[in-house]
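>>> what shape does this take:
(one chain, ligands or ions: 1)
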Amino acid sequence: MKEIVVSGIRPTGKLHLGNYFGAFKNFLILQEQFNSYFFIADYHSLTTHPTPEDLKGSVKRVLAEYIALGLDPEKCTIYLQSDVPETAELYLFLNMNAYLGELERVTSFKEKARTQPNNINAGLLTYPVLMAADILLHRGVKVPVGKDQEQHLEMSRTFANRFNRLYNCEYFPEPQAVSLGESLIRVPGLTDSGKMSKSAGEADSIYLNEEASVLNKKIMRAVTDSGPQEAGAPKSSAVQNLFDLMALVSTQETIQFFEDQHIQGAIRYGDLKKQLANDMEVFIAPLRDKINTMLGNEKLLNEIAAFGAEKARKNAQKTMREVREIIGFGNR
Ligand code: TYM
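Residues are numbered from 1 along each chain as shown. Sure, this is the predicted structure:
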């Protein structure tokens, strides 16, 4: 039997380069070889905004991006999390065996509690439990995600193992975070505030359908340090970020050229940015065209969502029948 792959992305607007290189690129490869479930994590959106602005529009947008960029509903199951309410039932069961102390220690919780002190809701605390429910619902083993999700995957393994131990069964496998060919990826943003992230503001992210002029402006305004360092000095984090972005889209020769310039203390950041903007546009242009075309295709997107919901629910219902049985609830 093929191993099961599960992953999702929250509908926070549009996909950025971090989503693409951290997760989506692997979705495209994994759908070819495994039994894969890729969803849009719309329940998760409510943990930051109980009343998200234009939830429907954001979900439709991510779905359009999934399809435009190559996910194939015939090769994998593509669905909205909220179309599979079995997720919520498994979340409820897993919550009974998730402890306050371990949830409070999760880095993403501490970070959110700091950034949204007026909305530290229970959903935020149990965010990793909902993620575990998404994965375990399909008994997923491989979970393509970026580096920022590593700790959440560790929690998923904890919950899977705890369930098996408590109910004396070998029902849930241990899910692993995967990235093909290398370690988990972290794509930096343009404002030197850490990983590329929508919450770091408009200037931080490069979106997959960024217009050429906006793309150019964003990169030319990216944060750097005050000037070339002395020969041999280490790169500042802001400059390293630009090199990291270059590594995603530029040729080896180009990167080497700027590496040499840096080592000699002769680098001109304006030139580095110009080159990065140019190479990024070459990468983005075809994606932008595909996304913009797919966005207008409402009917097709609705059909794909309905088709995926049916496939995902069938599998989820089977799991939940078995889980209820294991816990000791009747199935009528
Ligand atoms: P989300 O929506 O924040 O991000 C979606 C995916 O993109 C990756 N990612 C990045 N990777 C590298 N560098 C970055 N700057 C970057 N920004 C985002 C994330 O690691 C993620 O893989 N909790 C998840 C969604 C989710 C999920 C799941 C994932 C819900 N249930 C079950 C896997 C399995 C999230 O918020 O990702």
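>>> and residue 262, what is it in contact with?
Contacts for residue 262 (Cβ atoms under 8 Å, 6 or more residues apart in numbering) come out as 228, 229, 235, 239. Glycine gets a C-beta too; all of them are placed from N, C-alpha and C.
>>> which of these lies closest to the ligand?
Lowest distance from the ligand to these (Cβ to the nearest ligand atom) belongs to residue 239, with 17.6 Å.
>>> what pLDDT does the closest one get?
pLDDT, residue 239: 97.
>>> now swap in residue 331 and tell me
Predicted confidence (pLDDT) for residue 331: 72.
>>> for this protein, longest helix please?
When the chain is parsed with DSSP state H, its longest helix is helix 298-327.
>>> just checking, what packs against that helix?
Counting contacts by 3 or more Cβ pairs under 8 Å, 6 or more residues apart in numbering; DSSP states H and E, helix 298-327 packs against strand 35-40, helix 55-68, strand 77-80, helix 86-95.
>>> nearest to the ligand, out of the ones you listed?
Smallest distance to the ligand across the helices and strands packed on helix 298-327 (Cβ to the nearest ligand atom): 7.5 Å, for strand 35-40.
>>> quick one, the closest one and helix 298-327 angle?
Orientation of strand 35-40 against helix 298-327 (axes from the mean of the first three to the mean of the last three Cα atoms, to 10 degrees) gives an angle of 110 degrees.
>>> tell me which helix or strand comes right after strand 35-40.
With elements assigned by DSSP states H and E, the helix or strand that comes after strand 35-40 is helix 42-45.
>>> hmm, that next one in reach of the ligand?
Yes. Using Cβ under 6 Å from any ligand atom, helix 42-45 reaches the ligand at residue 44.
>>> buried ones in that helix, by neighbour count?
42, 43, 44, 45 (16 or more other Cβ atoms under 10 Å).
>>> from the residues you listed, which is closest to the ligand?
Nearest to the ligand out of those is residue 44 (Cβ to the nearest ligand atom; 5.0 Å).
>>> which residue is the nearest non-sequential neighbour of the closest one?
With sequence-adjacent residues excluded and distances taken as Cβ to Cβ, 6 or more residues apart in numbering, residue 44 is closest to residue 10, at 5.1 Å.
>>> could you report the neighbour count for that neighbour?
20 (other Cβ atoms under 10 Å).
>>> and the helices and strands packed on helix 298-327 as CSV, adding mean neighbour count?
Formatted as CSV, the helices and strands packed on helix 298-327 follow (neighbours: other Cβ atoms under 10 Å):
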stretch, mean neighbour count
strand 35-40, 25
helix 55-68, 20
strand 77-80, 24
helix 86-95, 19
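>>> now the longest helix of the chain and helix 55-68, what's the angle there?
Angle between the axes of helix 298-327 and helix 55-68 is 100 degrees (criterion: the same axes, to 10 degrees).
>>> any bit of helix 298-327 sitting next to the ligand?
No. Helix 298-327 stays clear of the ligand (Cβ under 6 Å from any ligand atom), getting no nearer than 12.8 Å.
>>> mean confidence for that helix?
Mean predicted confidence for helix 298-327 is 98.
>>> report the buried residues of it.
Within helix 298-327, the residues scored as buried using 16+ other Cβ under 10 Å are 301, 304-305, 308-309, 311-313, 315-316, 319-320, 323, 326.
>>> between that helix and helix 86-95, how many degrees?
Here helix 298-327 points in a direction 30 degrees away from that of helix 86-95 (the same axes, to 10 degrees).
>>> chain center to helix 298-327: distance?
21 Å (Cα atoms, centre = their mean, to the nearest Å).
>>> cool, stretch 191-203 as well?
Centroid separation between stretch 191-203 and its chain, computed with Cα atoms, centre = their mean, is 15 Å.
>>> what comes into contact with that stretch?
12-13, 16-18, 115, 146-148, 186-190, 204-206, 218, 221-223, 237-238, 241.
>>> cutoff 6 Å now
The contact list for stretch 191-203, computed with Cβ atoms under 6 Å, 6 or more residues apart in numbering, reads 12, 16, 18, 148, 186, 187, 189, 204, 205, 223, 237, 238.
>>> go on, stretch 170-178?
By Cβ under 6 Å, 6+ apart, the list of residues contacting stretch 170-178 reads 135-136, 139-145, 150, 153, 156-157, 160, 163-164, 184.
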